[in-house]
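S.K.: just coords:
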DNA sequence: AGCAATTTAGTTGCACACGATTAATTACCT
DNA sequence: AGGTAATTAATCGTGTGCAACTAAATTGCT
């Protein structure tokens, strides 16, 4: 309770992440327009291009998304022909999400398009790995705090 | 830095921003729970605690949000007693958004709560200013690209 | 085997975000 | 002054995100 002066910097860090995230979203929305893909749909495909098939839960833990977000998103991807959804025979609670032949064929084309757009961003005079490390440090801190549930007391 | 081969999801800058942004959102959602405020509502109040009143457009340019997002958000803030909305007399196209006495009274309490939560995050062994600078560098790059409309050709 | 606890995906409701459009108002221009 | 362009907020439609809940299937325990 001690400190009631607005802490500009911390708000700025949070707001900076918030703003950059939206800008990246817009950037990818443009880049992916030829394929009619949104950014969340794209990262879903990215995960599947790494490993397919996956259950909804496995996908969710890779992307930090729950079924409430994924189920409708996956239905849209299915309708557009990128993936198939089939209940597992071994465990009927699970749904296996697999890439279609169309998605496998389109992969390199999507990569090429995205890379050509990402190439436009200049990361000069910036230590990319250290930067990524700092972001992950913040991410880990936020995870630790929410695990500890320290926030909920008082 | 970028090459033509697909990069792994975890290595990607955009995914890191996307993930941290969601975690920050969750963090603030917890911190602001006593006030029944969401993070976008909080930053709206933050802007107004700096300058009140503001038109919807002015607010939007501070927060990078358009009226499609702000109008319903402001209606919710109004219903909860934080702000008032009144069409301007000078220019009836504009709507002046002003803090209520309630919001002015609650300001320090909100600050204290947020600060006590932010205190839990440890930014040890991290060059904070350089980090914030890198984030803004990425933000500027993304702005430059979307301004140039380079993405839309090809 | 029988039954409670757990796991999994889906559903619902709410709150952003934003593109596209609309309606009202104001500015501009000759 | 009068008509067109520009500005402003609101509205609509689509797509996330996520908390809370539901239904079905599986696991675990006795």
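M.R.: Structure received. Just so it is clear, the structure is predicted and the values come from calculations on it, not from any experiment. Numbers count the residues shown, from 1 in each chain, chains lettered A, B, ... in the order given.

S.K.: which residues touch the longest helix along chain A?
M.R.: Longest helix of chain A, by residue count under DSSP state H: helix A:8-31. Contact with helix A:8-31 is made by A:38-39, A:42, A:113-114, A:117-118, A:138, B:13-14, B:17-18, B:20-21, B:24-25, B:28, B:39, B:43, B:46, B:64, B:114-115, B:118, B:121, B:128, B:131-132, B:135-136, B:138-139, B:142-143, B:145-146, B:151-152, as judged by C-beta atoms under 8 Å, 6 or more residues apart in numbering or on different chains. All C-beta atoms are positioned from the backbone trio N, CA, C, and that covers glycine.

S.K.: now those residues: which count as buried?
M.R.: Buried members of the contacts of helix A:8-31, counted by 16 or more other C-beta atoms under 10 Å in any protein chain shown: A:38-39, A:42, A:113-114, A:117-118, A:138, B:13-14, B:17-18, B:20-21, B:24-25, B:28, B:39, B:43, B:46, B:114-115, B:118, B:121, B:131, B:135, B:138-139, B:142, B:145, B:151.

S.K.: near DNA strand C, which residues of chain A are found?
M.R.: Counting by C-beta under 7 Å from any atom of the strand, chain A comes close to DNA strand C at A:18, A:22, A:25-26, A:29, A:55-57, A:60, A:66-68, A:70-72, A:74, A:85, A:91, A:93-95.

S.K.: next step: these restricted to strands.
M.R.: A:55, A:85, A:95 (DSSP state E).

S.K.: dump the residues you listed to a markdown table, plus neighbour count, pLDDT and distance to chain B.
M.R.: Listed next are those as a markdown table, based on neighbours: other C-beta atoms under 10 Å in any protein chain shown; pLDDT from 0 to 100; distance: C-beta to the nearest C-beta, whole Å:
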| residue | neighbour count | pLDDT | distance to chain B |
| --- | --- | --- | --- |
| A:55 | 15 | 98 | 17 |
| A:85 | 15 | 98 | 21 |
| A:95 | 20 | 98 | 21 |
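
S.K.: which one of those residues is nearest to residue A:79?
M.R.: residue A:85 (10.5 Å; C-beta to C-beta).

S.K.: any idea how far that closest one lies from residue A:73?
M.R.: According to C-beta to C-beta, to the nearest Å, residue A:85 and residue A:73 sit 11 Å apart.

S.K.: got it, and residue A:32?
M.R.: Going from residue A:32 to residue A:73 by C-beta to C-beta gives 14 Å.

S.K.: now swap in residue A:137 and tell me
M.R.: For residue A:137, the distance to residue A:73 equals 29 Å [C-beta to C-beta].

S.K.: do the same with residue A:66
M.R.: 11 Å.

S.K.: tell me which residues touch residue A:134, please.
M.R.: Taking C-beta under 8 Å, 6+ apart, we find residue A:134 in contact with B:126, B:131, B:134.

S.K.: would you reformat the residues you listed as TSV and include pLDDT, distance to DNA strand D and secondary structure?
M.R.: Output for these, formatted as TSV (pLDDT from 0 to 100; distance: C-beta to the nearest atom of the strand, whole Å; DSSP: H, G, I helix; E, B strand; the rest coil):
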residue	pLDDT	distance to DNA strand D	secondary structure
B:126	81	24	coil
B:131	90	22	helix
B:134	91	22	helix
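
S.K.: and residue A:117, what pLDDT?
M.R.: Here the pLDDT value assigned to residue A:117 is 89.

S.K.: quick one: it is in a strand?
M.R.: No: applying DSSP: H, G, I helix; E, B strand; the rest coil, one finds residue A:117 to be helix, outside a strand.

S.K.: grab the nearest non-local neighbour of it.
M.R.: Closest residue to residue A:117 apart from its sequence neighbours, by C-beta to C-beta, 6 or more residues apart in numbering or on different chains: residue A:31 at 4.0 Å.

S.K.: give me the number of residues near the one you found?
M.R.: Neighbour count for residue A:31, taken as other C-beta atoms under 10 Å in any protein chain shown: 23.

S.K.: roughly how far apart are it and DNA strand D?
M.R.: Separation of residue A:31 from DNA strand D (C-beta to the nearest atom of the strand, to the nearest Å): 14 Å.
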